[in-house]
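Chemist: What follows is a predicted structure for the sequence shown.
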Amino acid sequence: MESAEHQILLQWMDENLFHFSCKTINSNVRPGGVRLGAEQVLDLPYVSVRTLMAEGKQVGLDYLVNAGKDATYFKRVRQLIGEIDALESDTPDAKNSVADKYLAIITQHAEQGLHTVSPRLRQLLIPQGAAGYVAITPLASAGLSEHISAVSRKRQDARKIKDNQSPTIGFDRHVNSFSVGGSNPQNVGGRVRSMSRPLVFVNVPKLNPKLRAAFSLHYNGFRPSLPYDMVRRYGIWQKDVQDKNMTLALRAQESSLISPMLDAVRNQAQKAERSIHDYADEFLEPRQDALLEAFLSPTRNHADRRAQWLLNALDSFRFGANPDGTTIRLSFSPEERRRLHQLITEL
């Protein structure tokens, strides 16, 4: 390769190779992309460009659009870094120079063409608490697809040799190829053909149900439920006494019906606390759950929160529907709510 061509190729690599491309989502959008830097690696137990980078693995870069000689330049890069067969005329110095440049930029953050978001690209609105929402535009990585496909093929070949078993993960001929780039995929990128063959997982590994429950408690919060039979018995009692004056005997009866509900929720809270404690190392940061704390603590400091939750839970409890389609539910007058709130805080 001549020196002038060599220098053009090195400059082209820096300006045109990225991990993510807008055109892998919609080939009609303006070209744009992101190249991740070493500072953006992420050590988490799932497969992504960032997590593979954290393990020291390379996820292939690709060009953003085939404009002129881009596809040719990219093919030359792949030849010189050893991904595909090189030309006989390629010298060791040329190979080393391009390989060193590729290794240098593959962990250097860069962005191009992202100053505006094309209406052809989907956006997700992710809630950010009191701050409102942040708009996220997901982009795909052809290099990641290529890496996953290569690992899958390697594992399938090894499994066939070792066990002589049919594959459980791999390509399914019954699934049609997805079109990426229309009739000429190289207009989108040099690696996008790896995105057109979906992987089909027959036996998908399942998350430990206890760990799944712990994650739900940690991130979604404690969400107890009331036993149906307990609420039904209370509903029958409430209907029987609705026209009677509240006496000490009736108050004792109500207490005997409400107390098991609180005990049931406390048992759920204790189980939730054990679950969170057992898998505490799996969470990125500790979180405080006011409702969980209210049912775990026997002090009266949390009595009002316990009472408010139980009142709301009873008020929204559904028993089914009447023949006319209306919902069967409990109903409380303001006086009944005041009395019940006081009763719960005392239990």
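Modeler: Done, it's in. None of the values given here were measured: they were computed from a predicted structure.
Chemist: Then residue 215 would be within a helix, right?
Modeler: Yes - the assignment for residue 215 (DSSP: H, G, I helix; E, B strand; the rest coil) places it in a helix.
Chemist: Would you mind finding the longest helix in this structure?
Modeler: helix 248-278 (DSSP state H).
Chemist: Give me the buried positions along it.
Modeler: 254, 257, 258, 261, 262, 265, 268, 269, 272, 273, 275, 276 (16 or more other C-beta atoms under 10 Å). Every residue, glycine included, has its C-beta placed from N, CA and C.
Chemist: and which of those residues is nearest to residue 14?
Modeler: residue 276 (47.6 Å; C-beta to C-beta).
Chemist: Look up how far residue 269 lies from the closest one.
Modeler: 11 Å (C-beta to C-beta, to the nearest Å).
Chemist: cool, and residue 119?
Modeler: Taken as C-beta to C-beta, the span from residue 119 to residue 269 is 48 Å.
Chemist: give me the element the most centrally placed residue in the chain is part of.
Modeler: Closest to where the C-alpha atoms of the chain average out (C-alpha atoms, centre = their mean) is residue 46, at 9.6 Å. Assessed by DSSP states H and E, residue 46 sits outside every helix and strand.
Chemist: What's the per-residue pLDDT of it here?
Modeler: According to the prediction, residue 46 has pLDDT 86.
Chemist: just residue 163 next, same as before
Modeler: 64.
Chemist: one step back: take the buried residues of helix 248-278 and lay them out in JSON lines including distance to residue 194 and pLDDT.
Modeler: Putting the buried residues of helix 248-278 into JSON lines (distance: C-beta to C-beta, whole Å; pLDDT from 0 to 100) gives the following:
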{"residue": "254", "distance to residue 194": "67", "pLDDT": "85"}
{"residue": "257", "distance to residue 194": "63", "pLDDT": "88"}
{"residue": "258", "distance to residue 194": "61", "pLDDT": "86"}
{"residue": "261", "distance to residue 194": "56", "pLDDT": "88"}
{"residue": "262", "distance to residue 194": "57", "pLDDT": "89"}
{"residue": "265", "distance to residue 194": "51", "pLDDT": "89"}
{"residue": "268", "distance to residue 194": "47", "pLDDT": "90"}
{"residue": "269", "distance to residue 194": "49", "pLDDT": "89"}
{"residue": "272", "distance to residue 194": "43", "pLDDT": "88"}
{"residue": "273", "distance to residue 194": "46", "pLDDT": "88"}
{"residue": "275", "distance to residue 194": "40", "pLDDT": "88"}
{"residue": "276", "distance to residue 194": "40", "pLDDT": "85"}
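Chemist: average model confidence for stretch 25-43?
Modeler: So the average pLDDT for stretch 25-43 ends up being 92.
Chemist: Offset the numbering so it begins at 3, please.
Modeler: Let's use 3 as the start, then, which means that last one is stretch 27-45.
Chemist: Low-confidence ranges, the stretch 153-302 of the chain, go.
Modeler: 165-185, 202-207, 302 (pLDDT under 70).
Chemist: Spell out, range by range, the helices that occur in it.
Modeler: Using DSSP state H, counting those that start in this stretch, the helices of the stretch 153-302 of the chain run over 211-222, 230-242, 250-280, 292-298.
Chemist: could you say what helices and strands the second one packs with?
Modeler: This means helix 230-242. helix 250-280, strand 320-323 (3 or more C-beta pairs under 8 Å, 6 or more residues apart in numbering; DSSP states H and E).
Chemist: Of the ones you listed, which is nearest residue 215?
Modeler: Taking the helices and strands packed on helix 230-242 one by one with C-beta to C-beta, helix 250-280 is closest: 5.8 Å.
Chemist: rewinding a little: looking at the helices and strands packed on helix 230-242, which is nearest to residue 212?
Modeler: Comparing the helices and strands packed on helix 230-242 by C-beta to C-beta, helix 250-280 comes nearest, at 6.6 Å.
Chemist: need the contact list for residue 240.
Modeler: residue 332 (C-beta atoms under 8 Å, 6 or more residues apart in numbering).
Chemist: at 10 Å what do you get?
Modeler: 256, 259, 316, 332, 333, 334, 338, 342 (C-beta atoms under 10 Å, 6 or more residues apart in numbering).
Chemist: out of those residues, which are buried?
Modeler: Using 16+ other C-beta under 10 Å, the buried ones in the contacts of residue 240 are 256, 259, 316, 332, 338, 342.
Chemist: Look up the closest residue to the first one, ignoring the ones flanking it.
Modeler: Just to be clear, that refers to residue 256. Distances taken as C-beta to C-beta, 6 or more residues apart in numbering put residue 345 closest to residue 256, at 6.4 Å, once the chain neighbours are dropped.
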